[in-house]
Structures are given as C-alpha cells and as structure tokens.
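# using only what follows, build the 3D model:
(4 chains)
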Protein chains: 2
Amino acid sequence: METYKNKILEFYRQSRRMPSYAEIMAMLGFKSKNAVYKLVNKLIGEGVFDKDSRGRLVPNALFSEVPMLGLVEAGFPTAAEEELVDTMSLDDYLIDNKEATYLLEVKGDSMIDAGIQEGDLVIVERGREPKPGNIVIAEVDGGWTMKYYRVTNGRAWLEAANPRYGPIHPEQELKVAAIVKGVVRKY
Amino acid sequence: METYKNKILEFYRQSRRMPSYAEIMAMLGFKSKNAVYKLVNKLIGEGVFDKDSRGRLVPNALFSEVPMLGLVEAGFPTAAEEELVDTMSLDDYLIDNKEATYLLEVKGDSMIDAGIQEGDLVIVERGREPKPGNIVIAEVDGGWTMKYYRVTNGRAWLEAANPRYGPIHPEQELKVAAIVKGVVRKY
DNA sequence: AGTATAGGTGAACGTTCGTACACCTGTCAA
DNA sequence: TTGACAGGTGTACGAACGTTCACCTATACT
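Numbers count the residues shown, from 1 in each chain, chains lettered A, B, ... in the order given. Below you'll find the model as predicted:
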C-alpha cells in the first residue's frame, strides 16, 4: 500500500507529471486497469493525491508540498491535529517573478550580521529598483559584491553587515544588478 | 508569444499538470488544435518545455526551476553564457525525505550567531538520530526550543548560538523531536 | 506581380484515456 | 458452512488525446 504510493510519487518526481492508469498498471505489476482504478480511488480517499474534472490525476498538497507547523515554540502537533496544518511549496513561497529570479552562492562573510553565511544560496531578482535597506548585488571596481543598499543626501552607497568591512562609496554611479529576495541554507 | 508561454505556465502552477492541446486551444483563444500543435512545437524548440514519448507535455528545467549562476563574486553571466548555467528546484534541493519533513517558524534570537533569525523558516526532519553539532528541535521543561545538540561524557545537552543564553543540561533524558536540515528566509 | 512563408482553420485518423460492468478468487467473521 | 467483502482479472465503450493533411489567409521579399 505504502509502496504503491511511493512508486507513484517516484514516477511524478522523475517525469514531472502523474502517470496514466495504464502506466501505473505496468509499474505496479497489475494486469487490469480496473485494479488501478480501485487503488487510485482508495488513495484519493486517503488524500494522497487528487483527480481533476477530466479524471486525470493531480498531485496533492501532501504529495508535493511541505507541512507548515507553526512556531518552533509550539513544537509538533499531535496526530489528531496534524491534518489541520498548512502546507506550502518552498518554490512558490520564495519566488515571485520566475523570469527574473536567479540563485547565487555566497562567498565571504561580509553579510554575516544579517544572517547570511558563506555557502548560503541567495535568491535574487533582477531588474528591480533597489530601496534603501535592501540587500543588493552590485558591481564595484570590476567585481561583484553583496551589501546593504544605503542612500544619504541623494547618493547611494554600500554597507556590509560585518564591522570588519568599511562602507563603499562609489565614485561613479552604483551599478545594482539585482536585489536579494531570500536566503536558503542547507545543513 | 511570450504571453502564450506565461499563460501555459500559469495553468501549470494552478493545476499542477500541463494542459492538453484542447485546453491550450481554449485558453489562448484558438479555434483549431493544429494551431496549438504548431505553437507547442515551436516552444519546445525554444526549450520552454518538453514532450515525452507519449506526446504529452512535460515542464522543463527552465520552466519550473531556478537558474543557479554560481558565486556572488562572479556576478551575472553575459547573455551568451546564460544558457550554460545550472538550474535547480529549491524544493528538491532542500528536502531529502519528504515524508518526515516539516517547516517551523523561528521565534526568538537564541540561534542568531548561527545565522538563524526570528521569522526565518527552518526545515526540519523528524525521526533522525541527532549528531553532536546538529541544530535540533527539542522539548525541555514542557516547551519546545531550537538549539545546538552537544554531547559531553555521554550526556546530551543543548547550547544556544547566542551568548545571552546559557546551556541547558536536562535532568532526564533529552527529547529531540527533529533535526534542522535547512533554513529559508524571505525579504 | 509573383511567391515563399508564418500562422491560422477544419476535418479526420488511430491511439490512449478514464470508467463501467461482470466475474473470479481468497480471507475472515458470524 | 455460509456470506460478505476486499482485491484482482478481462472486456468493452465513449470521450479525449496527439497527430496529420489539405486548405486558407495575410505579410514580406524578390
């Protein structure tokens, strides 16, 4: 039962679409589509995935998203409460404008006090006007760097989140390539 | 052209599957499936999405994933190089074991020196044996907390990543509910 | 003026789709 | 011993699928 579900999940992750009934039949070793039909309806009853108006299978929240439990302080809900929790896709959460979004790996510790460490990935969005206080990716002296974007007296400059680095006041105009929209770190 | 692509993308995000030719026909206002057929083949030629062996549409890397450009220092590649960059799905990157993975929102600043701030989301995995040095979600005195997991002389204890908080040496056994596998923050 | 060509219509095709119904087991409780 | 039932087989069916072909524009280039 559980292995059926996992095989279907695996198909979805590899093929980026749900299998047809015939495909499920082949991969689970059934000899009749009807066996699949009954199995699928049971799995839908369990909330594993859904079926849309055309009868096609569609992945479910539980299937492709992550349960969002609330605050750390609250800990883990009991089994009874668990069905009530929110779920979300991290992709959807972190990315607003897919066309202009990129990932960069962080080198150095100049933003350490902003909680951005070496090896983290930052999610950046191109082509947006930076606001003071944003963390931006900017070009200075032919190299790229990540800093806070500041403006005083109408002039833009850059500030690190690490007392060991001084501010950068660019001679010419400051070239901001992208603003940082998010950070992800994996342990 | 570009708006065609965006409408198909939008369908995919809402329905979690690619549309059929007939559905594309309806949503783009065509009156013939063949118009869709030609359009689809052109979009595939541009690498927007793919078609599998059954002729069904399948989202592509460019379609559902985020370009990974490299180090911050390297900045943005030129248009010519851009086709060579890696892409990845944040969901896949951050989550190994989907069944046991949950999200928690961080309250407080006890892990600030580990780059985890209030309001961040931590990705936690249940049912794993913690190793010394892991960041864990543990139950102490009836409440839940996030700390470093330490072991000295065979006894487990907890350490914050903030000098303002002292270590926690539990009286009885330490209940570790989950270990922290990742952090995400959105600006 | 003539002609490729890109982009659309409309009808037809064989295949695959999800669904339905009848039937055949084995298991387990009454 | 019987009967209900969960779970599987086999067949059938209409609808929807992707694909193909012939044809119809406009537009752009020679």
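# is stretch A:88-106 anywhere near chain B?
Yes. Interface with chain B: stretch A:88-106 contributes A:88-95, A:98, A:101-106 (CB under 8 Å from any CB of the partner chain). (C-beta placed from N, C-alpha, C; glycine too.)
# buried ones only from those, please, as a PyMOL command.
Under the burial definition 16 or more other CB atoms under 10 Å in any protein chain shown, those of the residues of stretch A:88-106 next to chain B that qualify are selected in PyMOL by:
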select buried, chain A and resi 89+90+91+93+94+95+98+101+102+103+104+105+106
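# next step: the residues of stretch A:88-106 next to chain B restricted to strands.
A:88, A:101-105 (DSSP state E).
# packing partners of the longest strand seen in chain A?
Of all the elements of type strand in chain A, the one with the most residues (DSSP E) is strand A:175-186. Contacts defined by 3 or more CB pairs under 8 Å, 6 or more residues apart in numbering or on different chains; DSSP states H and E place strand A:175-186 against helix A:90-94, strand A:121-126, strand A:135-140, strand A:143-152, helix B:90-94, strand B:175-186.
# same thing but at 6 Å, please
strand A:121-126, strand A:135-140, strand B:175-186 (3 or more CB pairs under 6 Å, 6 or more residues apart in numbering or on different chains; DSSP states H and E).
# would you mind pulling up the elements that the first one packs against?
It stands for strand A:121-126. Checked by 3+ CB pairs under 6 Å, 6+ apart, strand A:121-126 has strand A:101-105, strand A:175-186 packed alongside it.
# give me the angle between the last one and strand B:175-186.
Between strand A:175-186 and strand B:175-186, the angle comes out at 170 degrees (axes from the mean of the first three to the mean of the last three CA atoms, to 10 degrees).
# strand partners (parallel or antiparallel) of strand A:175-186?
strand A:121-126 (antiparallel), strand A:135-140 (antiparallel), strand B:175-186 (antiparallel) (DSSP bridges).
# got a list of what A:V176 touches?
A:130, A:136, A:138 (CB atoms under 6 Å, 6 or more residues apart in numbering or on different chains).
# what is the second one paired to in the beta sheet?
Each beta-bridge partner of A:V136 is listed here: A:K147, A:I179, as defined by DSSP bridges.
# is it true that it touches A:Y149?
Yes. Between A:V136 and A:Y149 there is a contact under CB atoms under 6 Å: 4.5 Å.
# intersection of neighbour lists for those two?
A:P130.
# low-confidence regions, chain A specifically.
A:1-2, A:62, A:78-84 (pLDDT under 70).
# residues in it within reach of chain B, list them.
A:16-17, A:58-59, A:66-69, A:71-73, A:75-76, A:90-91, A:94, A:101-107, A:115, A:117, A:144, A:146, A:177, A:181-187 (CB under 6 Å from any CB of the partner chain).
# select only the buried ones of those residues in ChimeraX?
Filtering the residues of chain A next to chain B down to the buried ones (16+ other CB under 10 Å) takes a single ChimeraX command:
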select /A:16,17,58,59,66,67,69,72,75,76,90,91,94,101,102,103,104,105,106,107,115,117,144,146,177,181,182,183,184,185
